[in-house]
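Chemist: Have a look; sequence and predicted model below, questions after that.
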Amino acid sequence: MIIKSNSEDINEQLTTLFRTMMIKIINECGCASDNASIVGAIVGCFMGFNILPKEYLGRLIHKEWLDMRIINFIKA
């Protein structure tokens, strides 16, 4: 996928790229959940929170607990 710099919504292109990468990683051999977790964390940190697919965030198990852990980490 080529990201077009003159696009009005580059975040949408990056979201599509992120989703595509995650699907490809999950469909590869090995431990899909571990691979997806590692790739998702690295790519998410590199590209930023705004490119994460909203439907992924809506289905995140224990989201409130994770949010509190993040807030406490940032405050420390």
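Modeler: Everything's here; your move.

Chemist: Now do the one helix or strand in the chain whose mean pLDDT sits lowest: distance to the chain's middle.
Modeler: Within the chain, judged by mean pLDDT, DSSP states H and E, the helix or strand with the poorest mean is helix 54-58; its value is a mean of 84. Offset of helix 54-58 from its chain centre (C-alpha atoms, centre = their mean, to the nearest Å): 9 Å.

Chemist: and after it, which helix or strand comes next?
Modeler: Of the helices and strands lying after helix 54-58 in sequence (DSSP states H and E), the nearest is helix 63-75.

Chemist: ok, residues contacting that next one?
Modeler: Residues outside helix 63-75 that contact it (C-beta atoms under 8 Å, 6 or more residues apart in numbering) are L57, L60. For glycine as for every other residue, the C-beta is placed from the backbone atoms N, C-alpha and C.

Chemist: Report how many residues lie close to L17.
Modeler: 16 (other C-beta atoms under 10 Å).

Chemist: now Y56
Modeler: Residues contacting Y56 under the criterion other C-beta under 10 Å number 14.

Chemist: where's it relative to T15, distance?
Modeler: As judged by C-beta to C-beta, to the nearest Å, Y56 and T15 stand 9 Å apart.

Chemist: same question, R59
Modeler: The separation that R59 has from T15, given C-beta to C-beta, amounts to 15 Å.

Chemist: who has more neighbours, these two?
Modeler: Relative neighbour count places T15 above the other of R59 and T15, with 18 against 9, counting by other C-beta under 10 Å.

Chemist: one step back: for the least confident helix or strand of the chain, enumerate the helices and strands it packs against.
Modeler: With contacts defined as 3 or more C-beta pairs under 8 Å, 6 or more residues apart in numbering; DSSP states H and E, helix 54-58 has no packing partner among the helices and strands.
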